[in-house]
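[1] Here is a sequence with its predicted model. Questions after.
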Amino acid sequence: MKKVLIMMFSLCLLMTGCAQDSNSDQVGGISPNDTIFDVKKFSQISPDELVQIMGDPESKENWNFKGSKNQFPVLTYAYKGGEIEFQFVKNKLKRINYHLPEDASNIGKLVERFGLSENQLKKYKDTNTVVRYYTTIETIYEVYIMVEDKKTSLFRVDYDKGVFE
């Protein structure tokens, strides 16, 4: 009886270890090969439409953007402890900020996880820590990727030119 219990306990430990190993590359519960979300589908949606897609936000914040060219109110919906932000201006989504770390060693794979392809991007700035792309997609103006140690610290999508300047 003792041997059976020891074997069952050992088997449980082994299975737990295997399960943890198989998930070790996951970030935020998302496998490194899964699509995070298709940013093309979010262009110009309203806060109500976002809630239909993502569920209720964990928090909402009204604040004023002050840029070099303009100033206006912004509504931010936050998910996953503020790691994913959707920013609305005049009830339309204008920006997504994704702060969860993702593998940035292969930009093609990274952008595919957001529903984009590398051939839809035209790099216009690369400082080794920030890479900026214009897109050939009519509904997306810019993709901005901040990288630290081959991991993203920010993946940003701006839907309109010049809004946040």
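    Perfect, I can see it now. Numbering: from 1, shown residues only.

[2] What separation do you get for Y79 and L121?
    25 Å (Cβ to Cβ, to the nearest Å). The C-beta positions use only the backbone N, C-alpha and C, and glycine is treated the same way.

[3] between these two, who's got more neighbours?
    When Y79 and L121 are compared for neighbours, L121 comes out ahead with 22 against 17, by other Cβ atoms under 10 Å.

[4] For the closest residue to that one other than its chain neighbours, which residues are in contact?
    Distances taken as Cβ to Cβ, 6 or more residues apart in numbering place Y133 nearest to L121, at 3.9 Å, with adjacent residues excluded. For Y133, the contact set (Cβ atoms under 8 Å, 6 or more residues apart in numbering) comprises 121-124, 142-145.

[5] What pLDDT is listed against Y133?
    Looking at Y133, its pLDDT reads 96.

[6] so what's it bridging to?
    Per DSSP bridges, residues listed as beta-bridge partners of Y133: K123, V143.

[7] could you check the distance from it over to F65?
    Going from Y133 to F65 by Cβ to Cβ gives 22 Å.

[8] got it, and R113?
    Here the criterion is Cβ to Cβ. By it, R113 lies 28 Å from F65.

[9] neighbour count winner among these two?
    Between R113 and F65, counted using other Cβ under 10 Å, the more crowded position is R113 (21 against 16).

[10] per-residue pLDDT, the closest residue to N97 other than its chain neighbours?
    Leaving aside its sequence neighbours, N97 sits nearest to E85 (Cβ to Cβ, 6+ apart; 4.2 Å). Note on E85: pLDDT of 98.

[11] who does the helix or strand that contains E85 touch, helix- and strand-wise?
    Applying DSSP states H and E as the criterion places E85 in strand 84-89. Applying 3 or more Cβ pairs under 8 Å, 6 or more residues apart in numbering; DSSP states H and E, one finds that strand 84-89 makes contact with helix 47-54, strand 71-79, strand 92-98.
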